[in-house]
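J.: here is a sequence together with a model predicted from it:
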Amino acid sequence: ETGVTQTPRHLVMGMTNKKSLKCEQHLGHNAMYWYKQSAKKPLELMFVYSLEERVENNSVPSRFSPECPNSSHLFLHLHTLQPEDSALYLCASSQGSGAYEQYFGPGTRLTVT
Amino acid sequence: RKEVEQDPGPFNVPEGATVAFNCTYSNSASQSFFWYRQDCRKEPKLLMSVYSSGNEDGRFTAQLNRASQYISLLIRDSKLSDSATYLCVVWGSSNTGKLIFGQGTTLQVKP
């Protein structure tokens, strides 16, 4: 399935690096999300964009910086991360930002060394 | 108290068994409820929505009990392919109305 794609699938970065995660949805949806999934913990919502406007910033540290240039693309810019930021980062999209089914991408497995 | 709480399991059952998972939520104002399925090293996918009247999809039955603030998922005639983590998801648990995911319940169906 190619509804929501994410690149890269795996990323290893040092604490002083700067990298970006990319998400693209081909479903014509209006809302996009970033989630963090750590081992043994529930998915944590990080950011929500609806019609390219950020509508949710869930107390995420400033070392994570989202960007939504259009309704099909979403980026997560990373800089000076900590080892505890190692996790699976999932992008999702939905028809709107309400109680709609969310379609997830395959995720980026991030390791911070 | 967690907003959405699930028993992480794992639940180990033989093929053909019936298994049930429960999930509790803390906010009585929650409006919509879902079960998602997540296979190992894969992304979550919607399994079914949960309606007030209860709903059934093949071998899967979902129930909502608003008075007790819990949701259940019943799987009948378990298949090996049902092995996965089942995520309870609640919408409307906060002022912003975002989806809140439970930790998930892991099911292992054995031959």
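T.: Received the coordinates, thanks.

J.: how far is the one helix or strand in chain B whose mean pLDDT sits lowest from where the chain is centred?
T.: Confidence across the helices and strands of chain B bottoms out at strand B:99-101, with a mean of 89, counting by mean pLDDT, DSSP states H and E. On the basis of CA atoms, centre = their mean, to the nearest Å, strand B:99-101 sits 12 Å off its chain's mean C-alpha point.

J.: close to chain B: what parts of chain A are there?
T.: Contact residues, chain A versus chain B (CB under 8 Å from any CB of the partner chain): A:40-43, A:45, A:48, A:55-56, A:58, A:90, A:98-99, A:101-102, A:104-107. All C-beta spots, glycine's among them, are computed from the backbone N, C-alpha and C.

J.: got a quick PyMOL command for the buried subset of those?
T.: To isolate the buried ones among the residues of chain A next to chain B in PyMOL, judged by 16 or more other CB atoms under 10 Å in any protein chain shown, type:
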select buried, chain A and resi 42+43+45+48+56+90+99+102+104+105+106+107
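
J.: rewinding a little: each with direction, which strands does the least confident helix or strand of chain B pair with?
T.: strand B:84-91 (antiparallel) (DSSP bridges).

J.: distance of the residue positioned nearest the centre of chain A relative to residue B:32?
T.: Centroid check for chain A by CA atoms, centre = their mean gives residue A:34 as the closest residue, at 3.0 Å. Note on residue A:34: its distance to residue B:32, by CB to CB, to the nearest Å, is 21 Å.
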